[in-house]
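sequence and computational prediction follow.
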Amino acid sequence: MADAEEARKQHPFDFALWKGAKPGEPSFPSPWGEGRPGWHIECSAMVRAELGDTIDIHLGGCRPGVPAPRKRDCPIGSPPPVTTLAKLWMHNGMVNVGGTKMPKSLGNFTTIRALLDAEYRHDTAPVCAAGPYRKPLDFTTESLEAAATGWKGG
């Protein structure tokens with residue numbers, strides 16, 4: 001998250017319901033100015049439009065110390081009786097590469113398609129399932145090689 005955006009927060013768990021327009025990004029007119037819904041609004045709107053008011057399981061990733069998944073319950077906007085977005089929230093720890101987080105902005109990420117097309121395609125699931133799902137996972141070539149060795153009984 002950008003430092004300027006972080007500085008505007010009144011509480012560390014604050015999140016944007018509406019984000020101001022940025023050059024080159026889609027935006028819409030609103031009473032609050034040009035902009036777009038924050039991600040939590042988009043997520044809850046997509047769920048309601050495609051799956052209904054409540055889903056059984058919500059999967060995703062979390063940043064350490066930020067309880068983002070439950071934020072999607074806030075903006076769902078159901079009139080009373082209020083519903084929860086998901087019956088069960090399951091969110092994994094961050095996936096790191098060589099001890100560094102893996103955002104697109106750093107360019108150190110890989111896609112599922114690339115993993116499935118790679119030499120280690122059968123070893124990806126054992127690496128991801130090797131530890132507690134809420135803890136960070138360090139995804140490395142060494143972890144894939146270790147999974148390949150274990151998978152083959154070597």
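Here it is on my side, so go on. Numbering: from 1, shown residues only.

what residues of the longest helix along the chain count as buried?
Counting by DSSP state H, the longest helix found in the chain is helix 39-51. For helix 39-51, the neighbour count (16 or more other CB atoms under 10 Å) marks 40-41, 43-44, 47-48 as buried. The C-beta positions use only the backbone N, C-alpha and C, and glycine is treated the same way.

got TSV for those, with distance to residue 124 and pLDDT too?
Formatted as TSV, the buried residues of helix 39-51 follow (distance: CB to CB, whole Å; pLDDT from 0 to 100):
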residue	distance to residue 124	pLDDT
40	29	76
41	32	79
43	25	80
44	30	81
47	27	85
48	32	85
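
show me the shaky parts of this structure.
Within the chain, the stretches with pLDDT under 70 are 1-6, 12-13, 62-83, 151-154.

let me see the domain layout of it.
1-92, 95-154 (automatic domain parsing).

closest to the centroid, which residue in the chain?
Among the residues of the chain, the one closest to the centroid is residue 61, at 4.0 Å (CA atoms, centre = their mean).

for the residue nearest to that residue when sequence neighbours are not counted, give its distance to residue 37.
Nearest non-adjacent residue to residue 61, counting by CB to CB, 6 or more residues apart in numbering: residue 92, 5.3 Å away. Distance from residue 92 to residue 37, counting by CB to CB, to the nearest Å: 24 Å.

looking at the buried residues of helix 39-51, spot the one nearest residue 110.
Ranked by distance to residue 110 (CB to CB), those are led by residue 43 at 23.6 Å.

ok, now how distant is the closest one from residue 51?
Distance, residue 43 to residue 51, by CB to CB: 11 Å.

one step back: please compute how far the longest helix of the chain lies from its chain's middle.
14 Å (CA atoms, centre = their mean, to the nearest Å).
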